[in-house]
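Student: turn this into a model:
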Amino acid sequence: MGREIYYSFKHARDKQTSGTYINSYFQQLQRTSQPFEIIDGDTLQFVSEVERASNFDEDCFTLVVSVVGPQSAGKSFIMNYLFGTLFLSASGRCTKGVYGSVLTYKGPENKDCRILVIDTEGIQSTEARDEKFDRQLIFYMICVSHVVLICNSGEMNTAMAEIVKLAADAKQNLREEIITNQSVYIILNKMTRVDEQARVESVGQLRRELIEIRQQNTLNDVLQIDVNNIFPLGQAFQTINFGPSSEKNVFTADKQF
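Tutor: Reported below is the predicted structural model:
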């Protein structure tokens, strides 16, 4: 929807009237949590008209949650499942560029607050652009997000370690800390095992993969990832018995932003 907003404004003869209509249209998108384009998937340019039309109140806190990962890792599906958003979800390349969806909720003292959910184009695929694009995309998410979900399909592997490395590099290259108390979580989608031991093994595998690419200090020193930050998810229609310790497998975070 962001592209429609952009071109409607760009080609309108009466900018003032068109701007009023676009603002009203964008507010409707927010109220219904419809997705809108933040970064144009064709030009890779930020759709500035979206920011202009969003008219976010600075007094209203906005929590930004983003997801990055390879193509077909289930990023859009997971965000739709967690937040009830309506991102396009399908096999293959279904997200091009960067899309967002706004949710509202009542915060402390009954204040209006927002969650900006960001879905991103898949990286590290044959259809992906290049390594520079991967770095820029992850760097942008690290800059603007309070919570970053790194999603992968299947078990921990070298490709996943490369993404974690890119996230760590992005965080280290920031000249100043933009988001305080930032959290990074790893989602391992379509796993055959989701018990506590699977999480422990995933952390160990990630450490070994990072050692191979000489990034062994990334987990603790930069991203602070441990067994509590890794969440294995089962496959669809898979029956899983979590047992008495099932509460440990719930995707929750007790953190103040």
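Student: drop to CA atoms for contacts and neighbour counts, all remaining ones
Tutor: Will do.
Student: ranges for the helices of the stretch 151-257 of the chain?
Tutor: Using DSSP state H, counting those that start in this stretch, the helices of the stretch 151-257 of the chain run over residues 158-172, 196-212.
Student: winner for burial among those?
Tutor: helix 158-172 (a mean of 20; mean count of other CA atoms under 10 Å).
Student: quick one: which of the helices of the stretch 151-257 of the chain is nearest residue 120?
Tutor: helix 158-172 (13.8 Å; CA to CA).
Student: quick one: mean pLDDT over that closest one.
Tutor: Across helix 158-172, pLDDT averages out at 84.
Student: and the angle from it to helix 196-212?
Tutor: Angle, helix 158-172 to helix 196-212, by axes from the mean of the first three to the mean of the last three CA atoms, to 10 degrees: 70 degrees.
Student: elements contacting helix 158-172?
Tutor: helix 131-144, strand 147-153, helix 196-212 (3 or more CA pairs under 8 Å, 6 or more residues apart in numbering; DSSP states H and E).
Student: Provide the strand pairings for the second one, with the direction of each partner.
Tutor: Meaning strand 147-153. Strand 147-153 pairs in its sheet with strand 62-68 (parallel), strand 183-191 (parallel), by DSSP bridges.
Student: got those strands as a markdown table, with mean neighbour count and distance to residue 130 columns?
Tutor: Formatted as a markdown table, these follow (neighbours: other CA atoms under 10 Å; distance: least, CA to CA, whole Å):
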| stretch | mean neighbour count | distance to residue 130 |
| --- | --- | --- |
| strand 62-68 | 22 | 15 |
| strand 183-191 | 22 | 23 |
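Student: check those for me: which has the lowest mean pLDDT.
Tutor: Among those, strand 183-191 scores lowest, with a mean of 90.
Student: now do that strand: distance to the chain's middle.
Tutor: Between the centre of strand 183-191 and the centre of its chain there are 11 Å (CA atoms, centre = their mean, to the nearest Å).
Student: again with stretch 130-143
Tutor: Distance, centroid of stretch 130-143 to centroid of chain: 12 Å (CA atoms, centre = their mean).
Student: what comes into contact with it?
Tutor: For stretch 130-143, the surrounding residues in contact (CA atoms under 8 Å, 6 or more residues apart in numbering) are 66, 68, 123, 124, 148, 166, 167, 170, 171, 174, 178, 179.
Student: residues of it that come out buried?
Tutor: 134, 135, 137, 138, 139, 141, 142, 143 (16 or more other CA atoms under 10 Å).
Student: kindly export it (C-alpha atoms) in CSV.
Tutor: C-alpha atoms of stretch 130-143 as CSV (Å, rounded to 0.1, in the frame of the first residue of the first chain):
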residue,chain,number,x,y,z
ASP,A,130,23.7,-9.2,-3.2
GLU,A,131,25.6,-9.3,0.0
LYS,A,132,25.6,-5.4,0.1
PHE,A,133,21.8,-5.5,0.2
ASP,A,134,21.8,-8.1,3.0
ARG,A,135,24.1,-5.9,5.1
GLN,A,136,22.1,-2.7,4.4
LEU,A,137,18.8,-4.5,5.3
ILE,A,138,20.1,-5.9,8.5
PHE,A,139,21.8,-2.7,9.5
TYR,A,140,18.5,-0.8,9.0
MET,A,141,16.6,-3.2,11.2
ILE,A,142,19.3,-3.0,13.9
CYS,A,143,19.0,0.8,13.8
